[in-house]
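> quick one, what's the 3D model for this:
(one chain, ligands or ions: 1)
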Amino acid sequence: MKNKSSTLNRRNFLRFTAGMSIALGLDSLIPAYAKQVVTANEPRNKGKYSDLIDLQIQQTKLPIASKNASTLTVNGSIPGPLVRLREGQTATIQVTNNLDEDTSLHWHGLIVPREMDGVPGISYAGIKPGETFTYRFPVKQSGTYWYHSHSGLQEQLGHYGPIIIDPIEPEPFEYDRDYVVLLSDWTFEDPYEVLANLKKFSPYYNYQRPTIGQLAKNLAWNRMRMDPTDIADVTGATYTYLMNGMASDANWTGLFKPGEKVRLRFINGSAMTFFDIRIPGLKMTVVQADGQNIMPVDVDEFRIATAETYDVIVELQENTAYTVFAETMDRSGYARGTLAPRQGMSAAIPKQRTRPIRTMADMGMAGDMSGMDMSGNNSSHDMSGMNMGSNNSSHNMSGMDMGGNNSSHNMSGMDMGGNNSSHNMSGMDTSGSNSSSHNMPGMDMGGNSSNSMSNNRGVMHSADTHGAGNSGVAMMSKSRLDEPGIGLQNTKNHRVLLYNDLISLKPNQKQRKPEREMELHLTGNMERYMWSFDGKKFSQIEEPMVFFDGERLRLTFVNDTMMEHPIHLHGMWMELVNGSGLNQPRKHTLNVKPAERVSVDVNVDAPGYWAFHCHLLYHMKVGMFRTVAVVDRSTSTT
Ligand SMILES: [Cu+2]
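Prediction:
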């Protein structure tokens, strides 16, 4: 059984001997949804649910982008097989470890008993070589989810796959067929080598950055440990981006009949990559986020953070092919597939857009100053009330070069620590941001509460900047739920999904005012490739974060860093506080933008220990991770 597929050159096999695989009996190795040409997911009709699902974790040699890859698979394919469950059933899933190291399997987004959550060291001891672990849990929800290893860097090697849970109640939308579209990133490098490269030199994979020489000359940038081209830590320089396990030239294709509605279940199963998804020529109606029904939103594009899922419905009227285009946030690559009425058709692949550049708002500069009138006739930007924190010297932005390649864009007149009231920023490159709509909304200049410019006041960072594990601290954080995210601003006549668009279809019965609030800072030192919470890596933490059983807890995340972090809480839902009243959407993974302040409410109802972490694999690995202990308040000593 082990390595059964090692001699199967999967993609070439498919490409050159299409159709023969069935005759040879090898077809069963490839999950139906991940075949090169698909007519629909495995059936969603009743009675098709296995009583026992068998998953084999094994080393497998597969071709990826026509090259041989040493992968770590579930049942011999990347992604692994579709785990299809039905709400209300009890799932029984056997996972066998055929590796010579420990493994594990976590059900991402599923609310399961703590000992079934699959996190080594927290839920259980992991699965030893040669062992089989049997997961058994009641299925209490429905929607699109995924599973992956929670051991080391195994996930990067292919240890992941999709989950669909069919609901008991009929769904509030209709479609004729559905497809899983699982996006991931593959590297031919050893993942530990990737991590070592990042630790040695964090911009290792940022081939688009300004040269070292340019940066070295610019001492201010060095002091700030910032680089405006830091969009992704790991890029197309090493990654091949996959759609259902296929590189773009293999062109995963989902078939449809003109006139049909097709549901696409997008899953971001990547280790480190944010994708921007569009299907030129089609509107997408987003109907679920993280497996939860939302009020339908028609969009042209949406960003999917690592570990999120979005379900969309598209209506295909024309007898023509459409490209499913998943461009990476840093524009260094893309995954691509096709929806077509017939096999072998394809549509144009869109031109890749230019790489975005971090803005003042991403750096937590006073509000978003990109909209400031830079024309020189405005001398009233008095920032004398701003508290820049205790480590003033690192926030000196003189000589700051926004473009990285244009020395005339500097802010040499800016003195953030002093009382200078004439901060002339003329010449500042606003990186193409809209110059009229962002005029410093509600900026709170040092705690003056009489400021009522808007309901989205920035909040200054306190003097405690969390030590050496946190550098280049965002001084001002604010809500960014109404922003589509970097690189997606100013898209005219092109609607991009916002977190503010996510409104739960049904009101939440258990919603009430939170009794307690915890503020947690997402912190990092990019230069040393340190990522943490409140400045402390997991290895520096002795006590878990304590949640009290039965409480409703507001968690407020403040991102002190210039990178996005998709934050994942195990065992309990996070309800996004986005102004939708009783219809706050439930999220298992929340993308927190640079310098963003965002809150979620949690009904704490799952006693025991749970993982809580950034879902960027290397961020988690180096320490952006915590254990949450849900304890009885009366027995707690804290
Ligand atoms: Cu992170």
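> how about the longest helix anywhere in the chain: buried residues?
In terms of residue count, the longest helix belonging to the chain (DSSP state H) is helix 191-200. By neighbour count with 16 or more other C-beta atoms under 10 Å, helix 191-200 contains the buried residues Pro191, Val194, Leu195, Asn197, Leu198. Where you see a C-beta, it was placed from the backbone N, CA and C, and this is true even at glycine.
> just stretch 168-183 next, same as before
Buried residues in stretch 168-183, defined by neighbour count with 16+ other C-beta under 10 Å: Tyr175, Arg177, Asp178, Tyr179, Val180, Val181, Leu182, Leu183.
> now do the end-to-end distance for that stretch.
Taking C-alpha to C-alpha, to the nearest Å, stretch 168-183 runs 28 Å from one end to the other.
> how far does that stretch sit from the chain's center?
Its chain's C-alpha centre and that of stretch 168-183 lie 22 Å apart, by C-alpha atoms, centre = their mean, to the nearest Å.
> and what of stretch 190-205?
Distance, centroid of stretch 190-205 to centroid of chain: 20 Å (C-alpha atoms, centre = their mean).
> distance check, Lys513 against Ile111.
With distances taken as C-beta to C-beta, to the nearest Å, Lys513 is found 23 Å from Ile111.
> which one's more surrounded, the two?
Counted by other C-beta atoms under 10 Å, Lys513 and Ile111 do not tie: Ile111 has more neighbours, with 18 against 7.
> could you pull out the strands for the stretch 51-200 of the chain?
Counting by DSSP state E, counting those that start in this stretch, the stretch 51-200 of the chain has strands at residues 53-64, 67-74, 83-86, 90-97, 106-108, 132-138, 143-148, 160-166, 177-187.
> return the member of the buried residues of helix 191-200 nearest to the ion.
Nearest to the ion out of these is Leu198 (C-beta to the ion; 12.3 Å).
> doesn't Ala34 make contact with Asn244?
Yes: Asn244 is in contact with Ala34 according to C-beta atoms under 8 Å; the separation is 4.3 Å.
> residues that sit against both of those two, list them.
The contact sets of Asn244 and Ala34 overlap at Pro79, Val180, Leu182, Trp252 (C-beta atoms under 8 Å, 6 or more residues apart in numbering).
> would you turn those residues into a markdown table with pLDDT and distance to Tyr205?
Shown next, in a markdown table, are the shared contacts of Asn244 and Ala34 (pLDDT from 0 to 100; distance: C-beta to C-beta, whole Å):
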| residue | pLDDT | distance to Tyr205 |
| --- | --- | --- |
| Pro79 | 97 | 23 |
| Val180 | 98 | 28 |
| Leu182 | 98 | 23 |
| Trp252 | 97 | 25 |
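> sorry, back to before: which elements pack onto the longest helix of the chain?
Contacting helix 191-200 under the criterion 3 or more C-beta pairs under 8 Å, 6 or more residues apart in numbering; DSSP states H and E are the following elements: helix 617-622.
> the helix it packs on packs against which elements?
helix 191-200, strand 530-533, strand 608-614.
> okay, angle between the first one and strand 177-187 too, please.
The one in question is helix 191-200. Relative orientation of helix 191-200 versus strand 177-187 (axes from the mean of the first three to the mean of the last three C-alpha atoms, to 10 degrees): 60 degrees.
> is helix 191-200 anywhere near the ion?
No: on the criterion C-beta under 5 Å from the ion, helix 191-200 is out of touch with the ion, staying 12.3 Å away.
> start at 38 instead
Done: numbering now begins at 38, and the last item shifts to helix 228-237.
> any idea of the angle that helix forms with strand 104-111?
For helix 228-237 against strand 104-111, the angle by the same axes, to 10 degrees is 100 degrees.
> show residues contacting helix 228-237.
Taking C-beta under 8 Å, 6+ apart as the rule, helix 228-237 contacts 190, 193-194, 224, 226, 241-242, 270-271, 275, 308, 565-566, 654-655, 658-659.
> repeat for the shortest one
Outside of strand 567-570, the residues that reach it under the criterion C-beta under 8 Å, 6+ apart are 503, 506-507, 557-561, 574-575, 577, 598, 602, 651, 653, 655-656, 659-663.
> so which residues on this structure come close to the ion?
So the chain meets the ion at His602, Cys651, Leu653, His656, Met661 (C-beta under 5 Å from the ion).
> tally up the residues packed near the last one, please.
Here the count is done by other C-beta under 10 Å, and Met661 has 25 residues near it.
> likewise the third one?
When counting by other C-beta under 10 Å, one arrives at 27 neighbours for Leu653.
> likewise for the first one?
His602 is surrounded by 28 other residues when neighbours are defined as other C-beta under 10 Å.
> that one reaches Asn628, doesn't it?
Yes: using C-beta under 8 Å, His602 makes contact with Asn628 at a distance of 7.4 Å.
> so what does Val668 look like in phi/psi?
Note on Val668: its backbone torsions stand at phi -120, psi 160 [degrees, to the nearest 10].
> quick one: contacts for it?
The neighbours of Val668, taking C-beta under 8 Å, 6+ apart as the test, are Val583, Phe584, Phe585, Asp586, Pro644.
> still on that earlier bit, make CSV from the residues of the chain next to the ion and add pLDDT to it.
Below are the residues of the chain next to the ion laid out as CSV (pLDDT from 0 to 100):
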residue, pLDDT
His602, 98
Cys651, 98
Leu653, 98
His656, 98
Met661, 98
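> how much does the helix or strand hosting Pro603 deviate in direction from strand 645-651?
Pro603 is part of strand 602-606, with elements assigned from DSSP states H and E. Interaxial angle of strand 602-606 relative to strand 645-651 (the same axes, to 10 degrees): 170 degrees.
> off-centre distance for strand 602-606?
For strand 602-606, the distance to the chain centre is 8 Å (C-alpha atoms, centre = their mean).
> likewise for stretch 87-107?
When C-alpha coordinates are averaged (C-alpha atoms, centre = their mean), stretch 87-107 and its chain have centres 24 Å apart.
> same question, stretch 324-335
That offset, for stretch 324-335, works out to 17 Å (C-alpha atoms, centre = their mean).
> and it, which residues are buried?
Neighbour-count burial for stretch 324-335, counted by 16+ other C-beta under 10 Å, picks out Val324, Gln325, Ala326, Asp327, Gly328, Gln329, Asn330, Ile331, Met332, Pro333, Val334.
> what sits against Arg390?
Residues near Arg390 by C-beta under 8 Å, 6+ apart: Glu364, Arg368, Gly524.
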